[in-house]
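# Next come a sequence and a model predicted from it.
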Amino acid sequence: MRSEVIPVTFSNKEGVRLFGMLHRPTNPSKSCIAVILLSPGVKMRVAPHRLYLKMTERFVSLGYPVLRFDFYGLGDSEGEVQEEYLADLYGSIQVGRYVDDTLAAMDWMQQTYGTSQFIVSGLCGGAITGLLAGARDQRVTCLLGLAIPVILDGSRIDFTKYMTDVQSKGMRDGYIQKLWDLGAWRSWVRFLTFQSDYRLIARLLLKPLLSRVRPTMSASPVPGQSEVVDNTNPYFAPAFRRMISTSRYVYLIFAEVDRLYYEFEKKFVERNRAELESYGHWYEVHVTKDANHIFSFREWEEDMLDQCSRWLGRLGGNRREVANRPKLEGFDEISRTTA
Amino acid sequence: MNETPIFFENGSYRLFGILHEPAAVPSGWGWVFCHPFAEEKLWAQRVYVSFARMLAARGAWVLRFDAMGNGDSEGQFSESSVETMLSDIGCAINMLERSSGKVLQGVGLLGLRFGATLAALAAGRYPNVRKLVLWEPIVDGGKYMQELLRVNLTTQTAIYKEIRHKREDLVRMMREGSTVNVDGYEIAYPCYEQASALKLNEGVIQFAGPCLIVQVGRAGQTIRPELKALQEAFPSVDIRAAVEEPFWKEIKQWYRTAPNLFETTLAWTRGQ
């Protein structure tokens, strides 16, 4: 890796010591922008299958300093997270639990290295944290989000009530397939020994019938608000709107087979299409074909990394100051690209 | 807390670790933690951190480190094998002894799952290891590798709705120089072959010091036959059961600490 790797610590506003790794490129770009990679869920600063190290390698090769760090209570940082269930921890992240830690990281980078503009990036919980941080702090000039969630998790939330049509159909097809599949005998054993989720199965199988006799409930938000009657994160749309309406770039990469992609389309894009089109210069979505949530197979990972590099390359290739909010060449309209 | 990040070398690559200094009257003991395999390492991370802090609070030195191609250490995961992992443990033991000012009366190795398997092998290889703690050790490496291949098959099924590369294809691909992807980790043949050949209860244990084996499971569990057989391989061994969830994989609970496992282990170390 063409960088100097420095273990670093800094404190958040509660005085809790956070731990991270700073990568300083040997050939820094002239843009004076740093990338901060925000931890996904509980997977700390390296991310699943060391994804953040591979991202860092790409970003550093483009001349960006990169900071990866652990939020309080996670990884090697101090502090404790008291939630008993992962779903509740994820839910708390989705409403901004680690935004202050992100701002603390930017403060530390600014005080230590004079960096005042940041690209925040991350997978899943890291992406939503970056979005919410961007809504709070203008030093965030860009969001590079992977598999960003638009919904809220929680141990008391029944996600099966809020599945998109695509999710429902996928699960329903899976159940129907198992009916005739001799290899799925374990599923039959579970079903016959009362271990299956009968409510889910009934809901999935009956949904097509019910949708014919019951009108679909509209979940559109009241103008100016984003509160909806399902599990959509009420902070997502306002934060997204804040980013793009203040001329800051948002580049999102989704995995094609990931439910988060369908949820993004159904629960955010469909409900906000007109507004999104008016700010189309500032946001773009790429979908990596076949990929799962963590981009685990090498071809998915490579596609994601290539897209990140391509986008950052265009960002860095633009010689104008980012503070002037230039439009990126090739970003003149909302685009949906699929590998 | 006095925790210092360190890089140390093993030949051509650098390993990363966090050194926990004693936060109480030094006990004279140091511990090297051997992490589990691939993504299990990340799920178990915070439990390792919590237990390292607990030991440091009782006067021990602790070094948690990332093997080559893992965490923040250099190298590619696909280049790692059982041999490189054992070599990394040896370097970590030396690093702990140097960092502590060579005042340690003994070093203990602690490992979880495949990390425990490696710790058990390393304990016989490095004479300065005096204690051994094995949390839910993998006894049959071959069976474990087959479970990992199944992860690849499951991913194929979930994405493509079919298995494009069967289990035997995956093994053949590795033998021919390709890697097999398990949750994003690229496993190469040397790793697969060496791990598959491991049977901890079949004469490979050479450690004669005190050893604790902890089986992790539900309340009322009985010790599994494979762990009873492993018990026979050590001349001085205690075996215990601790009630915990399998925190090394994705479960509903958030596991930042494992109180029963910790107490079981601490009680044993106090008795030594």
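Thanks, I have the structure now.
# quick one: B:E186 is in a strand?
Yes - under the criterion used here (DSSP: H, G, I helix; E, B strand; the rest coil), B:E186 sits inside a strand.
# and it, how many neighbours?
Around B:E186 there are 20 other residues, counting by other C-beta atoms under 10 Å in any protein chain shown. In short, each C-beta sits where N, CA and C put it, glycine included.
# these two touch, right, it and B:E79?
No - with contact defined as C-beta atoms under 8 Å, B:E186 does not count as touching B:E79 (9.4 Å).
# Show the contacting residues for B:L266.
Residues counted as contacts of B:L266 (C-beta atoms under 8 Å, 6 or more residues apart in numbering or on different chains) are B:M54, B:R58.
# Roughly how far does it sit from B:N260?
11 Å (C-beta to C-beta, to the nearest Å).
# per-residue pLDDT, the residue lying closest to B:Q76 once chain neighbours are set aside?
The spatially closest residue to B:Q76, leaving aside those adjacent along the chain, is B:G69, at 5.0 Å (C-beta to C-beta, 6 or more residues apart in numbering or on different chains). According to the prediction, B:G69 has pLDDT 98.
# Residue 81: neighbour count?
This is for chain A. If you count neighbours by other C-beta under 10 Å, A:V81 ends up with 17.
# actually chain B
20.
# The residue in chain B that chain A sits nearest to - nearest residue in space that isn't next to it in sequence?
Closest to chain A within chain B is B:G184: 2.6 Å, counting by C-beta to the nearest C-beta. When the adjacent residues along the chain are set aside, B:G184 lies closest to A:H49, with 2.6 Å between them (C-beta to C-beta, 6+ apart).
# Distance of the one you found relative to B:Y185?
Separation of A:H49 from B:Y185 (C-beta to C-beta): 5 Å.
# which residues are common contacts for those two?
Common neighbours of A:H49 and B:Y185 (criterion: C-beta under 8 Å, 6+ apart): B:A38, B:E39, B:F77.
# What strand or helix carries A:R24?
strand A:17-25 (DSSP states H and E).
# in that strand, what counts as buried?
A:L18, A:F19, A:G20, A:M21, A:L22, A:H23, A:R24, A:P25 (16 or more other C-beta atoms under 10 Å in any protein chain shown).
# Counting by contacts, list what it packs against.
strand A:3-11, helix A:51-61, strand A:66-69, helix A:99-113 (3 or more C-beta pairs under 8 Å, 6 or more residues apart in numbering or on different chains; DSSP states H and E).
# Please name whichever of these is nearest to B:P127.
Nearest to B:P127, of all the helices and strands packed on strand A:17-25, is strand A:3-11, at 31.1 Å by C-beta to C-beta.
# Does that closest one reach chain B?
Yes - Strand A:3-11 comes into contact with chain B (C-beta under 8 Å from any C-beta of the partner chain), by way of A:V5, A:P7.
# Now do the buried residues in that strand.
Using 16+ other C-beta under 10 Å as the burial criterion, the residues of strand A:3-11 that qualify are A:S3, A:V5, A:P7, A:V8, A:T9, A:F10.
# Stretch B:255-271 now?
For stretch B:255-271, by 16+ other C-beta under 10 Å, it's B:Y255, B:R256, B:T257, B:A258, B:L261, B:F262, B:T264, B:T265, B:W268, B:T269.
# Ramachandran coordinates for the fourth one?
Which is B:A258. Taking degrees, to the nearest 10, you get phi -130, psi 80 for the backbone angles of B:A258.
# Tell me which residues touch it, please.
B:V47, B:S50, B:F51, B:V216, B:A242, B:E244, B:F247.
# repeat for the third one
If you count contacts by C-beta under 8 Å, 6+ apart, B:T257 has them with B:R46, B:V47, B:S50, B:F51.
# Filter these down to the ones in helices?
Among the contacts of B:T257, the members found in helices (DSSP state H) are B:R46, B:V47, B:S50, B:F51.
# I figured the second one hits B:Y255, correct?
By that I understand B:V47. Yes - counting by C-beta under 8 Å, B:Y255 is a contact partner of B:V47 at 5.7 Å.
# tell me, what's touching these two both at once?
The contact sets of B:V47 and B:Y255 overlap at B:F247 (C-beta under 8 Å, 6+ apart).
# just to revisit the earlier point, using a markdown table, please lay out the contacts of B:A258 together with neighbour count.
Listed next are those as a markdown table, based on neighbours: other C-beta atoms under 10 Å in any protein chain shown:
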| residue | neighbour count |
| --- | --- |
| B:V47 | 20 |
| B:S50 | 17 |
| B:F51 | 25 |
| B:V216 | 22 |
| B:A242 | 19 |
| B:E244 | 22 |
| B:F247 | 23 |
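# ok so, going back, state the pair within the buried residues of strand A:17-25 that is farthest apart.
A:L18 and A:P25 (22.4 Å).
# how close does B:R218 get to B:E245?
As judged by C-beta to C-beta, B:R218 and B:E245 stand 8 Å apart.
# more neighbours, these two?
Shown here are B:R218 and B:E245; by other C-beta under 10 Å, B:E245 has more neighbours (14 against 10).
# List the residues that contact the more buried one.
With C-beta under 8 Å, 6+ apart, B:E245 has these contacts: B:I251, B:Q253, B:Y255.
# Reformat those residues into CSV and put distance to B:E97 and pLDDT next to each item.
Shown next, in CSV, are the contacts of B:E245 (distance: C-beta to C-beta, whole Å; pLDDT from 0 to 100):
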residue, distance to B:E97, pLDDT
B:I251, 36, 96
B:Q253, 37, 96
B:Y255, 31, 96
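# pLDDT at residue 147, what is it?
As the question left the chain open, I've gone with chain A. pLDDT, read off for A:A147, is 98.
# Oops, wrong one, chain B.
pLDDT, B:E147: 97.
# How about the one 3 residues further on?
Per-residue confidence (pLDDT) for B:R150: 96.
# The residue nearest to it when sequence neighbours are not counted: neighbouring residues, count only.
Distances taken as C-beta to C-beta, 6+ apart put B:R167 closest to B:R150, at 7.8 Å, once the chain neighbours are dropped. B:R167 is flanked by 14 other residues according to other C-beta under 10 Å.
# Could you pull up the residues touching B:R167?
So B:R167 contacts B:Q146, B:L149, B:R150, B:L153 (C-beta under 8 Å, 6+ apart).
# if we go to 10 Å?
Neighbouring residues of B:R167 by C-beta atoms under 10 Å, 6 or more residues apart in numbering or on different chains: B:Q146, B:L149, B:R150, B:N152, B:L153, B:V180.
# do you know how far it is from B:E3?
The value you get for B:R167 to B:E3, if C-beta to C-beta is used, is 42 Å.
# what about chain A, any weak spots by pLDDT?
A:1-2, A:158-167, A:171, A:182-183, A:207, A:209-229, A:317-339 (pLDDT under 70).
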